[in-house]
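Student: just coords:
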């Protein structure tokens, strides 16, 4: 009943480019916000649209100041203005939803810089329930630690443009329609104040008793959609591969859809089909697979015993159990390491890591590739870090104490991407 009310309210009061499917996803994400601490990771939702399209009014349902039309109490109020430091402080150790209006990066103005800084703080939330941010001087012990674990809701005129963020947000476009009734007045006309108040209570507190069942459904659906054959079938349906981050957000909301008695698989297929434009933008803007493929296909000055050529492909070097550890000495901007970890079943596994030092790789490898030759090292790092197989620097550093010896002089953690190439290396080792 509550889910149907939300879907109907959004669909009938706003003009969304994706129509019914957009309304269904947004409604599910709203209902999941109060229990976001129980999700595998918070959801990122971005509302875009030109001025007067109603995007801010839609955001007001989630964190606005009008109590009559604010349907969700489990969010931090929308601030009139905000800074990265202030947002960090407001969201610290807070499980409420974070709601930000006029959230767009248009260039080098103050607001754009604030948005970029906040996005950096939020990126770790893509794959974990919370993000730890440390500010201050560790040596003098004047350190402030922030724990960010909020569901993210924001809106702006323009789409996000950084590759590291495009793949993290579900983005919806509201469309301006001349003479369209004010969304809130339309809701009031259709439902009335008493009905709005009734559902407001249900949305804010009604999910808690269903949380155990919801978590079970999420785990089951995530396991199903992690299967290769299921992903392939979905890719055939969409006409292209669905990025795993985007798919995971859709799958998490599908658990709510199943909880209310609807078919989650039909929902996933419809939402994916309606978002082929976003999927295309993610694919064309990141080039993450192409980027790594170009690095692996590059040749470096290295003559292998018995070979006629004085150069060798990076793939060939990595396929050799001994030579892969000598990459650091080949002056190409790459190095290789391994560390032991445990899989989900508690079994020991070896993680194979390719360290890519972008300033050196750009100069020595990618300068000859037209697609990437004019890129900046910082942009390449953001592209690399948005890959599904990119590892967090701090995670690897804890497992590999000698991490600094894997970096060339002048290279820091801000210049590198760490790729988990275990699957690739394991397949080569089996063949040999």
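Tutor: Alright, I've got the coordinates. Predicted model only: the values in this text are computed from it and were never measured. Numbering: from 1, shown residues only.

Student: tell me the secondary structure for residue 36?
Tutor: What DSSP: H, G, I helix; E, B strand; the rest coil gives for residue 36 is helix.

Student: residues contacting it?
Tutor: By CB atoms under 8 Å, 6 or more residues apart in numbering, the residues touching residue 36 are 42, 43, 95, 97, 149, 150, 151. Every residue, glycine included, has its C-beta placed from N, CA and C.

Student: Show me which pair in the residues you listed is furthest apart.
Tutor: In the contacts of residue 36, two members sit farther apart than any others by CB to CB. They are 43 and 95, at 13.3 Å.

Student: Who has more neighbours out of those two?
Tutor: Of the pair residue 43 and residue 95, residue 43 is the one with more neighbours under other CB atoms under 10 Å, namely 24 against 18.

Student: Quick check: the more buried one touching residue 168?
Tutor: No: judged on CB atoms under 8 Å, residue 43 makes no contact with residue 168 at a distance of 9.8 Å.

Student: residue contacts, the closest residue in space to residue 315 that isn't next to it in sequence?
Tutor: Counting by CB to CB, 6 or more residues apart in numbering, residue 296 is the residue found nearest to residue 315 once chain neighbours are left out, at 4.9 Å. By CB under 8 Å, 6+ apart, the contact list for residue 296 reads 313, 314, 315, 318.

Student: all strands for the stretch 301-432 of the chain, in order.
Tutor: 311-313, 334-342, 348-357, 390-391, 416-420 (DSSP state E, counting those that start in this stretch).

Student: Then the stretch 101-250 of the chain?
Tutor: Using DSSP E, counting those that start in this stretch, the strands of the stretch 101-250 of the chain run over 131-137, 142-148, 152-156, 170-173.

Student: most tightly surrounded among those strands?
Tutor: Greatest average neighbour count among the strands of the stretch 101-250 of the chain goes to strand 152-156 (a mean of 25), per mean count of other CB atoms under 10 Å.

Student: so what secondary structure elements neighbour that strand?
Tutor: Helices and strands touching strand 152-156, by 3 or more CB pairs under 8 Å, 6 or more residues apart in numbering; DSSP states H and E, are strand 44-48, helix 55-63, strand 98-100.

Student: so that strand versus strand 44-48, what angle?
Tutor: 20 degrees (axes from the mean of the first three to the mean of the last three CA atoms, to 10 degrees).

Student: so strand 152-156 versus helix 55-63, what angle?
Tutor: Using the same axes, to 10 degrees: strand 152-156 against helix 55-63 is 160 degrees.

Student: Relative to the whole chain's centre, how far out is strand 152-156?
Tutor: Centre-to-centre, strand 152-156 and its host chain are 14 Å apart (CA atoms, centre = their mean, to the nearest Å).

Student: What's the mean pLDDT across that strand?
Tutor: Strand 152-156 carries an average pLDDT of 88.

Student: do the same with stretch 39-55
Tutor: The model assigns stretch 39-55 a mean pLDDT of 87.

Student: Quick one: end-to-end length of that stretch, please.
Tutor: Length of stretch 39-55, first residue to last, CA to CA, to the nearest Å: 26 Å.

Student: Equivalent analysis for stretch 158-169, please.
Tutor: For stretch 158-169, the first and last residues are 13 Å from each other (CA to CA).

Student: just stretch 296-315 next, same as before
Tutor: Stretch 296-315 stretches 5 Å from its first residue to its last (CA to CA).

Student: Name the residues of it that come out as buried.
Tutor: By 16 or more other CB atoms under 10 Å, the buried positions in stretch 296-315 come out as 296, 298, 299, 300, 302, 312, 314.

Student: For residue 368, which of the helices and strands packed on strand 152-156 is the nearest?
Tutor: Per CB to CB, nearest to residue 368 of the helices and strands packed on strand 152-156: strand 44-48, 36.1 Å.

Student: Output the contacting helices and strands for the closest one.
Tutor: Short answer (3+ CB pairs under 8 Å, 6+ apart): strand 44-48 packs on helix 55-63, strand 152-156, strand 170-173.
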